Each structure stands twice: as C-alpha cells, then as structure tokens.
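Undergrad: Quick one, fold the following:
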Amino acid sequence: MNFSKSVNLALTTLLFLIFSNSLFSQKLEPKERITEPDHTISSQLMDRDYQLYISFPSGYSTRDTINYPVLYVLDGAYNFHLFTAVRGALDFESEIEDIIIVGIGSGLDLPSWLINRYFDYTTSSDSVADRTMENLFGFPEGSAKSGGAAKFLECIKKEIIPFVDKHYKTTSDRGITGHSYGGLFTAYCFINSSGFFTRFGINSPSLRWSNEEVLNQAILQFTGNSTWNISPTRVFVSVGGSEGPDMVPPMVKFCSYLESTNYKNVDLNWKIFEGESHLSVVPASISKTITTLYGIK
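TA: Residues are numbered from 1 along each chain as shown. Here you go, the predicted model:
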C-alpha cells in the first residue's frame, strides 16, 4: 500500500469514528405507553362516558363453564395497571383466587378525570369545597360539582355491571375498591349497597367529607344493629401513617366501631402503613387489598 492510500485510509477511518461516535451518542426519546380501554360505555344516568379496562385470570376461556368473581377498581385509567401487575406477581405462587379485574375510568385527560371523580365519589353537595377544588387546580368557576355518589352507585349497578355480566363469565361475587375520594365512595357502598358487593377495599378514605357524614352513617349502622343481614363480606381498610389528622383518626374510628360489633358475617382487616403518605401508600395498599380480599387461606 503506497503512502497516499495509507493517508486516505487513515482519514476515512477517523471520519467514520467521529461520525459513528456522534450517531451512537444520540439519546433516545422515551416510548409513550398508553393503556387503551377495552370498552367505552355511554351512561344515560350520568350523561357521560366511562372507560372499562379489563384483565382476566390466566385460565380464562370462553370454551368452559367456569365463572369468576369480579373486582371493580375505581380510577381505572390510573390504578388498573397497578392491580394487574400485583395480581400477576401473586399468581406465580397461586396466592389468590382467580378473578376478573375491571378498572372503571372517566375522563381521558387529567382535568376531566379530576372533575368527574370529584362528582362521582363525593356523597353530598358542598359549594365551598367546589370552589376550593376549582381554585386549587385552576378550573373554570362552576366546573367542579360534588355530590354524585348515589347516582354513580346506580350507574355501576344498572349500567356498568350488567354490561360486564352480559359479555364476560362472571359470578355475583363482586368487590369494589378505591383510594382517597374513591375510598370514601367505597365506604359509602359498604354502608348503602345492601349486599350488592361482598368485598371492599377502602383505602385512605376521605371520611372528613361534609362533616364526616359517611363516618357518622357507618357508626349509626354499627351501634344501632347487633346483626347485619348481608352476605358474608370481606373488608380491608387502610391509611398511610403520615397522612395526618384529617385521614388517620377518622379511619381508625371507622374500623374501631366496626370491629366492636363482632358481626359474624363481616371479616374486617385494617392496617396503618407507617411512614407512608397519601400517595406513597398506594402500591402497598393495592397489594394488601388483593391478598386480604382474595387471598387463598
């Protein structure tokens, strides 16, 4: 090889190294991952759409006669993937029953989700709280409205669950779980659904809502009735230990009164997750909800 060819080869190699280094050093953009709903239901009662996210046990098949309990998860767009991930891990050792998980979502962006859940999960109208909600998130005046829980429960019973029961292999063994306002709504369902659900995951419930009206209703039920004519029911209640005086004492009060009744048909478990905040407690509460409500004993 002559001198000029050697120089050209060296220059070509150098340029290749320079450009390849530049090429391979470029950073990649993160890939967007979207959880698409399996169904969208247009509710006549609520005059809005609800998105359903559905996960099945590994053995689910339309070619057999096996039907499954269903756990309904509030704030489905955000919580569904967490529940299915936990269920997937527990299935490795067959620690829980085979269940269908249905996430119920409403609103395809953050503002609509916050406004919709605020109405659906709160048990009475509170105009002062509505204005506070609007100011906190910068929503237009009049956009936040509370007090839709009774109506939303009817929507679940008459529109959402009949749709799921029609299209999938379900039993009448139904559970429901929620966090924060969703926990408030789940506690409301426990007191007011007359055995329609038999498993409840009540996590970080906002029992301070409207002068603790759901808490007071629960205490009235617990202290005024030595028996409760409902099907055998499992209840798990939790809160983060760092959630503060608005959250921890009402939850403890709720559980203490329920525990004192010794209802033979209500299996209560409750837990304070020490050191966990209102949001950091979510993964721990999800895992404990599933194992408590559906654990194989």
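
Undergrad: Look at the residue lying closest to residue 38 once chain neighbours are set aside and give its secondary structure.
TA: Leaving out its chain neighbours, the residue that sits closest to residue 38 by CB to CB, 6 or more residues apart in numbering is residue 54, at 4.6 Å. No exception for glycine: its C-beta is placed from N, CA and C like everyone else's. Per DSSP: H, G, I helix; E, B strand; the rest coil, the secondary structure class of residue 54 is strand.

Undergrad: what about the strands in the chain?
TA: Taking DSSP state E, the strands of the chain run over residues 39-43, 48-55, 68-74, 100-105, 170-179, 199-203, 233-240, 266-273.

Undergrad: tell me the most buried of those strands?
TA: Greatest average neighbour count among these goes to strand 199-203 (a mean of 28), per mean count of other CB atoms under 10 Å.

Undergrad: Let me know the pLDDT of the nearest residue to residue 192 once chain neighbours are set aside.
TA: Spatial nearest neighbour of residue 192, excluding adjacent residues (CB to CB, 6+ apart): residue 153 at 7.0 Å. As predicted, residue 153 sits at a pLDDT of 98.

Undergrad: Over to residue 18?
TA: 55.

Undergrad: got it, and residue 11?
TA: Listed pLDDT for residue 11 reads 59.

Undergrad: So what's the residue count around residue 136?
TA: Other residues within reach of residue 136 by the criterion other CB atoms under 10 Å amount to 10.

Undergrad: my bad, should have said residue 77
TA: Look at residue 77: counted by other CB under 10 Å, it has 19 neighbours.

Undergrad: Could you measure from the nearest residue to it once chain neighbours are set aside over to residue 81?
TA: Excluding the flanking residues, the one nearest residue 77 by CB to CB, 6+ apart is residue 105, at 3.8 Å. Per CB to CB, to the nearest Å, residue 105 is found 11 Å from residue 81.

Undergrad: Residue 212 too?
TA: Residue 212 is 33 Å from residue 81, by CB to CB.

Undergrad: what's the answer for residue 150, then?
TA: In this view, residue 150 and residue 81 are 29 Å apart by CB to CB.

Undergrad: now do residue 74
TA: Going from residue 74 to residue 81 by CB to CB gives 14 Å.

Undergrad: got it, and residue 58?
TA: On the measure of CB to CB, residue 58 and residue 81 end up 17 Å apart.

Undergrad: so where do the helices sit in the stretch 101-250 of the chain?
TA: Assigned helices in the stretch 101-250 of the chain, in chain order: 110-121, 127-137, 149-155, 161-167, 181-192, 209-224, 248-261 (criterion: DSSP state H, counting those that start in this stretch).

Undergrad: what residue ranges in the protein score low on pLDDT?
TA: Scanning the chain for pLDDT under 70 picks out 1-25.

Undergrad: For residue 207, list the residues it contacts.
TA: The contact partners of residue 207, by CB atoms under 8 Å, 6 or more residues apart in numbering, come to 184, 187, 214, 215, 247, 250, 251, 254.

Undergrad: Would you confirm that the second one contacts residue 251?
TA: In this case it means residue 187. No. Using CB atoms under 8 Å, residue 187 is not in contact with residue 251; the gap is 9.3 Å.

Undergrad: hey, what's in contact with both of these two?
TA: Residues touching both residue 187 and residue 251 (CB under 8 Å, 6+ apart): 205, 207.

Undergrad: one step back: would you turn the helices of the stretch 101-250 of the chain into CSV with distance to residue 30?
TA: Output for these, formatted as CSV (distance: least, CB to CB, whole Å):
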stretch, distance to residue 30
helix 110-121, 19
helix 127-137, 26
helix 149-155, 35
helix 161-167, 34
helix 181-192, 29
helix 209-224, 38
helix 248-261, 37
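
Undergrad: so of those helices, which one's packed in deepest?
TA: Buried most deeply of these, by mean count of other CB under 10 Å, is helix 181-192, with a mean of 24.

Undergrad: Report the inter-axis angle for that helix versus strand 266-273.
TA: Counting by axes from the mean of the first three to the mean of the last three CA atoms, to 10 degrees, helix 181-192 lies at 160 degrees to strand 266-273.

Undergrad: Please tell me how far the residue found closest to residue 69 once you drop the neighbours it is linked to in the chain sits from residue 199.
TA: Spatial nearest neighbour of residue 69, chain neighbours left out: residue 173 (3.9 Å); criterion: CB to CB, 6+ apart. Here the criterion is CB to CB. By it, residue 173 lies 8 Å from residue 199.
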